[in-house]
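Asker: quick one, structure for this:
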Amino acid sequence: MTTATPTYTVKLVDAAGLSAAQRSAAELRFRMALEFALGGPDSVLPALQACLLVRTLNEDTPTGSVPEAEQQVIALWEKAEADAIVAAFRPLGKEMGNARFEIRG
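Answerer: As a prediction, this is how the structure comes out:
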C-alpha cells in the first residue's frame, strides 16, 4: 500500500546561485522522477537501503565476483538516481557543479 506522503525527505545541497523556488522545484522533480523509476514513494528508501547494503557487503569483492542479483540492485538504484538528477537539473539550464541530493528517512 502506498502512502500519499513520502516517508523520506530530499534536500538539494551545495547548489549555489539557486533561488529558494528553484531549489524546491529541483527537489520536487528529483523526488518525482525517483519515485516513478522505483515504483512509488514507499519504494525509495528500501531501494536505497538495499543498494547501500549490497555495496557494503561487497566492498572488498572484485566487481566480476558480485552475484548478478546484487549487481541488479545496485544498477536499479544508480539508474533511477541518475535519471532523477537529470530530471531535476535539466530545466535549470546550467552546470550545477558540486550540487547533490541528500535523501533522509
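Asker: and the next helix or strand past the longest helix belonging to the chain?
Answerer: Once the chain is assigned using DSSP state H, the helix that runs over the most residues is helix 68-89. Per DSSP states H and E, the first helix or strand lying C-terminal to helix 68-89 is strand 100-104.
Asker: same for that following strand, what does it pack against?
Answerer: strand 9-13, helix 41-57, helix 68-89 (3 or more C-beta pairs under 8 Å, 6 or more residues apart in numbering; DSSP states H and E). Every residue, glycine included, has its C-beta placed from N, CA and C.
Asker: what's stretch 23-38 in contact with?
Answerer: The contact list for stretch 23-38 (C-beta atoms under 8 Å, 6 or more residues apart in numbering) reads 6, 10-12, 15, 18, 41, 43-44, 47, 76, 79-81, 83-89, 91-92, 101.
Asker: quick one on the thing from earlier: same list, the helices and strands packed on strand 100-104, but as a markdown table with mean neighbour count and distance to Gly105 please.
Answerer: Below are the helices and strands packed on strand 100-104 laid out as a markdown table (neighbours: other C-beta atoms under 10 Å; distance: least, C-beta to C-beta, whole Å):
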| stretch | mean neighbour count | distance to Gly105 |
| --- | --- | --- |
| strand 9-13 | 15 | 8 |
| helix 41-57 | 15 | 5 |
| helix 68-89 | 16 | 15 |
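Asker: any chance of the ones you listed in CSV, plus mean pLDDT and distance to Glu27?
Answerer: Listed next are the helices and strands packed on strand 100-104 as CSV, based on pLDDT from 0 to 100; distance: least, C-beta to C-beta, whole Å:
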stretch, mean pLDDT, distance to Glu27
strand 9-13, 97, 5
helix 41-57, 95, 13
helix 68-89, 96, 7
